[in-house]
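**Q** Make a model of this:
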Amino acid sequence: MRKDKKHSRSFLFLCGALIGAVAFFVVFTPSALDPTNLSYVRGGYVERDIIQHYAGWNFYRSAPLSFPLGISESMNAPEGASVVYSDSIPLFAILFRLLDPILPEQFQYLGLFVFTSFVLQGGVSALLLSIFLDNIFSILGGALFFVFSPVMMERAFRHTSLTAHYLILFALYCYFSHQKEQKKHYGLWIFLSVVTPLIHTYFLPMIYAVFFADLLDNGKKKEKIRTFLCMVGCLVLSVLTLYSVGAFSTGSSGTSYGYGFFTMNVNAIFNPSSLTGIHWSLFLPALPQGFGTYEGFNYWGLAVLLTFLSISIHLIVSFKKSKPLRYAKEHPGLLLVCFLLTLFAVSTTVIANNSAFINISLPRKLYELCSTFRSSGRMFWPVTYLVYLFCVVYIAHRMTAKSLGNFLVLALAVLQILDLSPALLQKHESMAHYSDQFEILTDTAFFEENRGTYSKVISPGTSAFRGLYVALWCSENGMTTDFPFLARFDAVLHAERAAAVRQDLLNGIYEEDTLYLFTTEDESLFHDVAYFVNGKGLVCGKAGKEFYFIAPETKDLSVPEESEDLILYEHLPLLIADYSDDIWDHGVLLSKPNTITFLNNAFTRSYFENASTLYCEGNVYQIEKIYDDPGYIMVEISIEDGHALTGKEITTDIRN
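**A** I've put the predicted structure just below:
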């Protein structure tokens, strides 16, 4: 370690923070920081999850203050849920809930959070590098790698809370400062143990992995005891913090499924492809991302790849002189946790491109435990930042001429940013000239005209498909909902309640202040109720592209004129099921194309029971055979290719 520090840590932190701020404005433009700008929040950015984050904040904003903090009973009704499960960043949600009386009516803090993350990413990376380097140019040049980190920027405004990668850098700073400078930083560990669960729980295993490495690698016996006690105390603080923000107080369940699906692809570090086709390299080609490995995006950038490869070759070629094994002797605990994090990230399903070539089954309980962090590919982030640190420090130190090392760090930083430029430009354009990236499915006449008609929205279906749009609509209009839209919820309990609601509706039992919504994924469940209750004090139909409704006929109910966005039940068309797999194409059997299929429900059965003739656009087809398949009715008709009927209204002699 160099002792002739030329600049104070505070100054370096501020310089790094300035780099982070400039990077934010260059990539995302100042409009992203405007707290009243809801365009990219309501319309989605890269994917729809930001709608979930905003809806959770909106629900909590109107909730009464209580303990535990962070809970709104208006979402995940009737139990309510914590903003922990809507990924709404509890730290900011609670802070701005306290400030709500002075906030504008339309307000979001997601832009401010991402800006803060960029600033702290720059500042903390400069602190981390200053442990090893004394030249301001190499320190700030190295900070550019961390600020323009693809794994951080890829999450910005997509999974907003996961932009807080500075938490990982703080943990690494504690580790290396303890080792190189004999500074223990117990206070900073305590700070991380409280703040991390207030941002996102996925950072907790990363932080504690580095803390565990600090325990193994640094300090003598008595000091290790103090570090161990501090770590145990911090774990208790993290649990208490989660309790205080309602993580254990609602029906939302921390256990789930998905471990081995949202994993890290073997090609991740050199694959510049991420979700929705954003390309992160000017030079390298996009590679396949099979299963859910888009969640394990971990592209290092061309400059880091070339540098790490060159250093590795140099260490192997000059093995005796460079003595690379000394790194293992100096950091055995850190290397151990890196190995374990990588192992967990790759998971028990090892995927290369689109193929899974290793698949290990886990005992059910262990699988459920691992699925608590089902997006396991994220656990590789600390390894990525250690590689960044290693590359920058090695280059800055190993050049014969000190100035050459500093220049090379800056040159590599420029190459890194140049390589990432396609994604940076795409993100800049998306924010600078924003238009809704996803259709807001509740922006239709029926939903617009019934904003104040009902106080509750209930989901009698089982699908969570598009539930976040219902949550957005409810959160903006003071309504309560049980619609699944949270990161974790009790699916079994919801299904049981939904079945009970459907039975009540069939028995004529319903609440007049409640709107019942089904998604198109639950079309058959809707028809099995609506076919029997439509017109019996209830209005049924389809609103927009994705929702079916059962609405009590109250005096305030507004039924707009029928259009493409509103079809009443009596005018709903019978259509071939839009189902495709290896043997079906949009409801047509590929091996026998005169066979078409329909969803099996009361509505469809009313057309086909004892039917002999099918009609479509004036054409007449004889029904040759009707038979059931689980969930479907298959019909053979006198036609060469049923594709001619897909998407067209069909009727039969029974209903003609």
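**Q** going forward, measure contacts between C-alpha atoms and count neighbours the same way
**A** Will do.
**Q** how about the helices in the stretch 301-450 of the chain?
**A** Using DSSP state H, counting those that start in this stretch, the helices found in the stretch 301-450 of the chain span residues 302-317, 319-322, 325-330, 332-346, 364-370, 381-398, 402-432, 445-449.
**Q** Export the ones you listed to JSON lines and append columns for distance to F115.
**A** As requested, those are exported to JSON lines (distance: least, CA to CA, whole Å):
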{"stretch": "helix 302-317", "distance to F115": "25"}
{"stretch": "helix 319-322", "distance to F115": "41"}
{"stretch": "helix 325-330", "distance to F115": "35"}
{"stretch": "helix 332-346", "distance to F115": "28"}
{"stretch": "helix 364-370", "distance to F115": "32"}
{"stretch": "helix 381-398", "distance to F115": "20"}
{"stretch": "helix 402-432", "distance to F115": "14"}
{"stretch": "helix 445-449", "distance to F115": "33"}
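**Q** now this structure, which segments are flagged as low pLDDT?
**A** 1-6, 250-256, 399-402, 436-437 (pLDDT under 70).
**Q** If we use 80, what do you get?
**A** 1-7, 250-257, 276, 320-322, 324, 398-403, 435-438, 464-465, 656 (pLDDT under 80).
**Q** List the contacts of the spatially most central residue of it.
**A** Nearest residue to the geometric centre of the chain (CA atoms, centre = their mean): H159, 4.7 Å. Applying CA atoms under 8 Å, 6 or more residues apart in numbering, one finds that H159 lies in contact with D49, I50, D87.
**Q** Where helices are concerned, which of the residues you listed count?
**A** Of those, the ones assigned to helices by DSSP state H are D49, I50.
**Q** need the strands for the stretch 101-250 of the chain, in chain order.
**A** Read by DSSP state E, counting those that start in this stretch, the stretch 101-250 of the chain holds no strands at all.
**Q** quick one, helices of it?
**A** Counting by DSSP H, counting those that start in this stretch, the helices of the stretch 101-250 of the chain are 110-130, 136-147, 150-153, 166-181, 186-195, 203-217, 221-244.
**Q** try the stretch 501-650 of the chain
**A** Using DSSP H, counting those that start in this stretch, helices in the stretch 501-650 of the chain cover 523-533, 602-608.
**Q** still on that earlier bit, turn the contacts of H159 into CSV, columns for distance to Y632 and neighbour count.
**A** Shown next, in CSV, are the contacts of H159 (distance: CA to CA, whole Å; neighbours: other CA atoms under 10 Å):
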residue, distance to Y632, neighbour count
D49, 32, 22
I50, 35, 27
D87, 37, 26
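**Q** if we can go back for a sec, please identify the deepest-packed of the helices of the stretch 501-650 of the chain.
**A** Among those, helix 523-533 has the highest mean neighbour count (mean count of other CA atoms under 10 Å), at a mean of 20.
**Q** Can you tell me what sits against that one?
**A** Contacts for helix 523-533 (CA under 8 Å, 6+ apart): 461, 502, 505-506, 508, 518, 540, 548, 550, 569, 599-603.
**Q** Kindly report the same for stretch 259-266.
**A** 289-298, 345-353, 367, 370-371, 373-378.
**Q** was I right about V194 contacting V245?
**A** No. Contact criterion CA atoms under 8 Å: V194 and V245 do not qualify, at 11.3 Å.
**Q** Measure how far stretch 28-45 is from the centre of its chain, please.
**A** With CA atoms, centre = their mean, to the nearest Å as the basis, stretch 28-45 stands 18 Å off its chain's centre.
**Q** All further residue positions should be reported with the first residue as 898.
**A** In the new count, where the first residue is 898, that last one comes out as stretch 925-942.
**Q** buried set for it?
**A** 925-926, 929-930, 932-935, 937-942 (16 or more other CA atoms under 10 Å).
**Q** ok, the closest residue to G1230 other than its chain neighbours to L1238 distance?
**A** Sequence neighbours aside, A1110 is the residue nearest to G1230 in space, at 4.5 Å (criterion: CA to CA, 6 or more residues apart in numbering). Per CA to CA, to the nearest Å, A1110 is found 12 Å from L1238.
**Q** likewise Y1264?
**A** On the measure of CA to CA, Y1264 and L1238 end up 16 Å apart.
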